[in-house]
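Q: Predicted model and sequence below, questions to follow.
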Amino acid sequence: MRRHLSIAHRFGGRSWRDALCAVGFHVWGLDFHGFGESDPYPEMTEPAGAHPPLGRAADCSRQLEAALRFICERQDVPRVSIIAHSWGTIVAGAFAGRCPELVGRLVFFGPIACPAGGSFRCSSNGNGSSPTCRPTKRRYCRARISTNGASAISTPSRRAEPARPPQSKCRAAHSRTFYDAWASELAYDPARVCAPVGIVRGEWDGMCPDADARWRFDALSSSAMRRDVKIGRATHLMHLEQNRFALYREAETFLSGGDLEERPPRRTRPTARTRPTCCRCAIYWLSPARQSSTPNRFSRRRVTPPPISNACTRPGRRAVC
């Protein structure tokens, strides 16, 4: 999961993690290198210009693989389902395409995809500085978390955020991954994802409009189950907004499964060697091998039975041996 997708913060005394645990899921969270309790990159102790951007999608997908292998061993399960948000959907998609045997189901919340028209969504500021993304045109209410864990609903503030301390460092490769995806250079091939995928997005999500979500839906051509859900009056940060409970329900419903038909195993046709003939059948049977040192060793013998009655050779009748 991306660092911004915190499922542990409680709003009104209940978090997304609490909702998932209430329906029987074991919930694990992951901090990529450089965030939270995870170790920072060794390169972060050196000047930022001395190294390329840290934490690209391929590197983070390997971190996700290490975490999921640990979870599978700890929980004694063959595979794990993943909830990913925004940039985290690129990491989860790259991992699911490389290690399909470890993935049960995928929930892509506000996924980042290539633009439907193949054009670059970001535009330059005009002075050669870094591009800025197209903002959403809607105003919305977002939940704000205070220091004591309480929540409040407020409109977006126009106050400038205080400057970060000079010693604060944060890897910025996720921004580069955004720009690459919007320039039609996605970090993975969605067609390699075989697990069921549920896309959940908001009506006012400027990072995942309808055209981009449609492109992602069509690109997941190898997925066993695809679902695209759009929740009204919600943005890219739906998990912090008033309609977050609809997000909870949609994710729980998809992860619970039960929407794929269980087909019976295919019946294999008998080979020509074992198919009975009309009169003289070739019967294969197993008998203990003589003077064998292995107790359960068997040998194959071929027995040709005598001719049976002419009743079985009439048209429309089949020999029974």
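A: Ah, there it is.

Q: mind showing which ranges of the stretch 51-200 of the chain have poor pLDDT?
A: In the predicted model, the stretch 51-200 of the chain carries pLDDT under 70 at residues 116-174.

Q: Recalculate using a threshold of 50.
A: 117, 119-161 (pLDDT under 50).

Q: Run through the helices of it in chain order.
A: For the stretch 51-200 of the chain, the helices defined by DSSP state H, counting those that start in this stretch occupy 57-75, 87-98, 173-182.

Q: Take the ones you listed and lay them out in JSON lines including mean neighbour count and distance to residue 196.
A: To be clear about C-beta, it is placed using only N, CA and C from the backbone, and glycine gets the same treatment. Shown next, in JSON lines, are the helices of the stretch 51-200 of the chain (neighbours: other CB atoms under 10 Å; distance: least, CB to CB, whole Å):
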{"stretch": "helix 57-75", "mean neighbour count": "16", "distance to residue 196": "17"}
{"stretch": "helix 87-98", "mean neighbour count": "26", "distance to residue 196": "10"}
{"stretch": "helix 173-182", "mean neighbour count": "19", "distance to residue 196": "22"}
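
Q: Put together a markdown table for those, with distance to residue 10 on each row.
A: Listed next are the helices of the stretch 51-200 of the chain as a markdown table, based on distance: least, CB to CB, whole Å:
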| stretch | distance to residue 10 |
| --- | --- |
| helix 57-75 | 23 |
| helix 87-98 | 21 |
| helix 173-182 | 26 |
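
Q: if we compare those helices, which one ends up closest to residue 230?
A: Closest of the helices of the stretch 51-200 of the chain to residue 230 is helix 87-98, at 15.7 Å (criterion: CB to CB).

Q: Need the contact partners of that closest one.
A: Helix 87-98 is contacted by residues 1-2, 5, 57-58, 60-61, 64-65, 68, 82, 84, 102-103, 106, 108-112, 174, 177-178, 181, 186-190, 192-195 when judged by CB atoms under 8 Å, 6 or more residues apart in numbering.

Q: Repeat that for stretch 177-196.
A: 56-58, 61, 87, 90, 93-94, 96-98, 100, 103-106, 112-115, 118, 120-122, 131, 133, 216, 219-227, 254, 257, 260.
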